[in-house]
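Engineer: Next comes the sequence, and after it the predicted model I'd like to discuss.
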Amino acid sequence: MNMNANILRHPAAVGPTPELKPGPGAGVIGSRNDFPILQETIGGKPLVYLDNAATTQKPQCVLAAEVAYYSHTNANVHRGVHTLSQRATDDYEAARGKIQRFINAASHKEIIFVRGATEAINLVAQSFARPRLAPGDEILISAMEHHSNIVPWQMVCAQTGAILRVVSINDSGEFEFDSYARLLGPRTRLVAVTHLSNALGSIVPVERVIELAHGRGVPVLVDGAQAISHIGVDVRALDCDFYAFSGHKIYAPTGIGALYGKAALLGAMPPYQGGGDMIRSVTFEKTEYNELPYKFEAGTPNIAGAIGLGTALDYVSAIGITAIAAHERDLLEYATGLAAGIAGLTIVGTAREKASILSFTLDGIHPHDIGTILDHEGVAIRAGHHCAMPVMQRFGIAGTARASFALYNTRAEVDALIAALAKVEEIFRR
């Protein structure tokens with residue numbers, strides 16, 4: 001289906017159940033109906049799912065792809081000459097090709113299947129960074145990183161004697177480029193930054209980050225777990241050395257994701273894990289490793305998950321990431337405007353360039369209490385530190401309530417969020 005931003009923009013509906021009026025092609029209505037879980041009720045109220053930064057819901061085509069694999073194709077890949085194994089291998093490798101095209105990688109060999117962005121970053125930390133680091137070398141990250149882009153680097157620093165340096169963020173939650181330029185020094189061996197902050201919604205100017213790093217011969221890893229479903233990603237245009245993302249953040253199953261790496265870098269890296277299909281030959285004296293990308297895919301993979309990821313990328317591509325981004329930008333602007341009118345509400349993360357995330361506090365009310373009351377109203381948000389405790393420390397808070405938007409959300413659901421926040425105020429202010 002084809003959509004443009006105008007089709008995705010719509011007036012707020014009246015009443016508790018979100019409805020969209022048809023536009024040319026009626027694509028938005030189709031996209032909501034494609035997600036079975038959106039028909040659920042919570043405590044007798046229609047589900048308003050605004051926790052997409054934690055995980056997105058799955059369209060029927062993705063659910064059907066997994067069922068079809070287990071119903072008609074279930075077999076291991078790469079190791080069998082029988083028909084089912086050949087089918088499974090074809091579908092699994094076709095999914096790899098879809099990822100390659102979606103992010104514009106140069107070759108399918110540059111796409112490694114992993115469990116998610118976390119495993120991808122750990123792979124780079126242990127297989128790329130660790131062998132190259134010496135005491136006093138430096139790894140550079142930012143102050144807005146998810147724990148998954150902090151802890152692996154702390155671990156590798158402890159293993160090698162390297163030092164972790166942190167680029168500051170300003171009061172709006174923006175990456176401070178001047179701080180980055182100062183910290184990028186002769187001992188910097190790797191830069192690892194998020195593309196889009198999961199806690200703040202801030203978009204990092206990764207193009208500038210990569211250009212400056214490469215000018216000094218420093219490779220860059222981009223954590224794209226949040227960005228992949230909101231921002232068009234072209235790894236060759238970015239010229240990043242590694243890009244990591246999780247399938248479940250882009251309408252695919254959990255437990256599957258991908259690491260992109262430049263072929264020359266991946267080819268020079270030792271395997272992260274051993275066993276299974278990552279070998280070419282094995283004797284008790286020596287093992288010869290497989291070629292890319294299989295060198296990094298030890299053991300039986302999540303075949304159904306990979307197929308589901310490929311199907312999800314087809315789904316997103318059919319709508320168009322530009323149209324999705326325009327829709328989500330409209331929702332974020334609408335929600336931000338309404339939230340700003342609530343007494344005692346503070347938005348945390350007001351970057352000029354941001355996407356999909358409204359993170360906030362209410363004076364004197366714990367985020368968990370906000371989340372609990374909203375749940376009674378059928379509104380699902382996330383409350384806490386969002387696996388970004390240093391971000392919360394930067395702003396002097398324990399956590400935030402976070403509403404996050406996806407292609408299937410509506411202005412009517414934003415209205416439901418605001419109405420539910422009025423219930424929070426009523427309960428705690430009376």
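Structural biologist: That came through, no problem.

Engineer: which SSE is the residue at the greatest distance from the centre of the chain in?
Structural biologist: Counting by Cα atoms, centre = their mean, the extreme residue of the chain relative to its mean C-alpha position is E285, 41.5 Å from that point. Using DSSP states H and E, E285 is not contained in any helix or strand.

Engineer: what's the answer for V209, then?
Structural biologist: Here V209 is assigned to helix 206-215, by DSSP H and E.

Engineer: Show residues contacting that helix.
Structural biologist: Among residues not part of helix 206-215, those counted as contacts by Cβ atoms under 8 Å, 6 or more residues apart in numbering are 175, 177, 180-181, 184, 188, 191, 193, 195, 219-220, 222, 238-240. C-beta coordinates here come from the backbone N, C-alpha and C atoms, glycine included.

Engineer: Out of those, which end up buried?
Structural biologist: When neighbours are counted using 16 or more other Cβ atoms under 10 Å, those contain these buried positions: 175, 180, 184, 188, 191, 193, 195, 219-220, 222, 238, 240.

Engineer: Narrow the residues you listed to those in helices?
Structural biologist: 180, 238 (DSSP state H).

Engineer: From the buried ones among the contacts of helix 206-215, pick the one nearest G371.
Structural biologist: For these, the closest approach to G371 (Cβ to Cβ) belongs to H195, at 26.1 Å.

Engineer: May I have the residues that are in contact with the closest one?
Structural biologist: Contacts of H195 were listed using Cβ under 8 Å, 6+ apart, and they are 203-204, 206, 222-224, 226-227, 231, 233.

Engineer: Using a markdown table, lay out those residues together with distance to S359 and pLDDT.
Structural biologist: Written out in a markdown table, the entries for the contacts of H195 read as follows (distance: Cβ to Cβ, whole Å; pLDDT from 0 to 100):
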| residue | distance to S359 | pLDDT |
| --- | --- | --- |
| I203 | 14 | 98 |
| V204 | 16 | 98 |
| V206 | 21 | 98 |
| V222 | 21 | 98 |
| D223 | 18 | 98 |
| G224 | 19 | 98 |
| Q226 | 12 | 97 |
| A227 | 16 | 98 |
| I231 | 18 | 95 |
| V233 | 23 | 97 |
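
Engineer: Poorly predicted segments of the chain, please.
Structural biologist: Across the chain, the stretches falling below the confidence threshold (pLDDT under 70) are 1-30, 430.

Engineer: after the longest helix anywhere in the chain comes which helix or strand?
Structural biologist: Using DSSP H to define each element, the chain has its longest helix at helix 83-103. Taking DSSP H and E as the definition, the helix or strand that follows helix 83-103 towards the C-terminus is strand 111-114.
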